[in-house]
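A.B. asks: this is the structure alone, sequence omitted:
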């Protein structure tokens, strides 16, 4: 059995779909932070079968909850203080996301104006559909 040390102060991202931890690591920019980050891939889970876990040493302001909610709003965010879970944060789909995904429409203004922010809004919460603010192109995660 693998044993990863506990955190005294930090954040634990739990219940990440197996295999998604590296994309979360990239989206959150954890490689640019000057803190310890532990990634546990394919951990056993009674609830999910297999899951990933990310442990981050530091405060909650290191993690953008909107980006996390966009990637997977079922992730559990545990705030650790003095070695115990101090608080759990619920994620939700953000209504607006900036500079996380790019519009694939070649006729969109963001294709021409490179310095323009990539802004997407939640067009359909039930089906988790995001659209470009400028051209209303639907974001397709499989592209």
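C.D. replies: Sure thing, it's come through. Fair warning: this is a prediction, and the values are worked out from it, not measured in the lab. Residues are numbered from 1 along each chain as shown.

A.B. asks: for the rest of this, base every contact and every neighbour count on C-alpha atoms.
C.D. replies: OK.

A.B. asks: where along this structure do the strands fall?
C.D. replies: 10-17, 37-45, 49-57, 76-81, 84-89, 96-98, 119-124, 129-132 (DSSP state E).

A.B. asks: and the contacts of the third one?
C.D. replies: Contact partners of strand 49-57, identified using Cα atoms under 8 Å, 6 or more residues apart in numbering, comprise 7, 9-21, 35-45.

A.B. asks: could you pick out the buried ones from the residues you listed?
C.D. replies: Buried members of those, scored by 16 or more other Cα atoms under 10 Å, are 7, 9-18, 20-21, 37, 39-42.

A.B. asks: so residue 71 sits against residue 26, correct?
C.D. replies: No: using Cα atoms under 8 Å, residue 71 is not in contact with residue 26, being 11.5 Å away.

A.B. asks: so the two - more neighbours on which side?
C.D. replies: Shown here are residue 71 and residue 26; by other Cα atoms under 10 Å, residue 71 has more neighbours (17 against 11).

A.B. asks: roughly how far apart are the residue with the largest distance to the centre of the chain and residue 99?
C.D. replies: The centre of the chain is farthest from one residue, residue 107, which by Cα atoms, centre = their mean lies 28.4 Å away. Taken as Cα to Cα, to the nearest Å, the spacing of residue 107 relative to residue 99 amounts to 18 Å.
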